[in-house]
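Undergrad: Fold the following and give me the result.
(one chain, ligands or ions: 1)
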Amino acid sequence: MYNFSSSDYCFLCFGGFVNLLLRLGMCLVVLALASYTTSMFALIRHRRIVPNVRRFLVMGVALDLMATLCMILGSSHGPLTLHGCLGYSALLFMLVDMIWILRFESRSGREEQIPGKLLYISVAAYSWWVLAFLAGAMLAMRMPH
Ligand code: HEM
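TA: This is a model prediction of the structure:
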């Protein structure tokens with residue numbers, strides 16, 4: 001895996017440890033956060049699968065997958081770390097939530113209100129993902145600059 005060198009750039013401070021793949025991964029994960037947040041706000045507001053719910057949820061999962069791949073490739077510790085496992089669980093939770101949302105939409109259509117249980121699962125998945133995101137941000141802040 002990648003070894004940091006002093007010539008690498010840091011996404012947070014523009015001059016430090018972080019290699020290009022990690023920087024790309026961190027940019028993508030911030031975009032995933034924006035996408036998931038937009039989708040969740042639309043879901044909570046409308047309680048239905050309006051186009052923005054599906055659009056931004058699918059985009060968030062795609063960005064999250066790409067970010068995870070970049071972070072694995074750019075990591076100096078390999079794929080199996082505490083941060084990695086927390087991230088995989090959060091990604092998996094969002095992926096399962098997306099599948100349930102899409103299944104509900106294809107069975108019941110856009111006009112049907114989503115059941116409280118599905119809304120609860122979606123908010124739980126999103127909250128878990130945000131926790132994993134914050135843990136990642138803390139990891140990045142604690143790395144040598
Ligand atoms: C929930 C979303 C996230 C997922 C799925 C994820 C996934 C991963 C994975 C699988 C690795 C490789 C294993 C490791 O080195 O720990 C990794 C590394 C890393 N991630 Fe994330 N991550 C997420 C969020 C973040 C955030 C928000 C940041 C900072 C802004 C971040 C910064 C890093 C850094 C700096 C590494 C390299 C650690 C090292 O080489 O020691 N991650 N991430």
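
Undergrad: If you tally nearby residues, what's the number for I44?
TA: Neighbourhood size, I44 [other CB atoms under 10 Å]: 13. C-beta here means a position set from N, CA and C on the backbone, and glycine is covered the same way.

Undergrad: The host helix or strand of it near the ligand at all?
TA: Using DSSP states H and E, I44 maps to helix 20-46. Yes: shown here: helix 20-46 in contact with the ligand (CB under 6 Å from any ligand atom) through 22, 26, 29.

Undergrad: Buried by neighbour count: which residues of the helix or strand that that helix is followed by qualify?
TA: As assigned by DSSP H and E, the chain's next helix or strand after helix 20-46 is helix 51-74. Under the neighbour-count criterion of 16 or more other CB atoms under 10 Å, helix 51-74 has 53-54, 56-57, 59-61, 63-64, 66-68, 70-72, 74 buried.

Undergrad: which bits of this structure sit near the ligand?
TA: So far as CB under 6 Å from any ligand atom goes, the chain lies against the ligand at 22, 26, 29, 68, 71-72, 75-77, 79, 81, 83-84, 87, 90-91, 129, 132-133, 136-137, 139-140, 143.

Undergrad: Just the buried ones from the residues you listed?
TA: Those of these that meet the buried threshold are 22, 26, 29, 68, 71-72, 75, 83-84, 87, 90-91, 129, 132-133, 136, 140, by 16+ other CB under 10 Å.

Undergrad: Look at the spatially most central residue of the chain and report its pLDDT.
TA: With distances taken as CA atoms, centre = their mean, the residue of the chain nearest its centroid is D64 (4.3 Å). pLDDT for D64: 98.

Undergrad: Okay, now the unreliable bits of this structure?
TA: 1-18, 144-145 (pLDDT under 70).

Undergrad: could you redo the last one with a cut-off of 50?
TA: In the predicted model of the chain, residues 6-16 satisfy pLDDT under 50.
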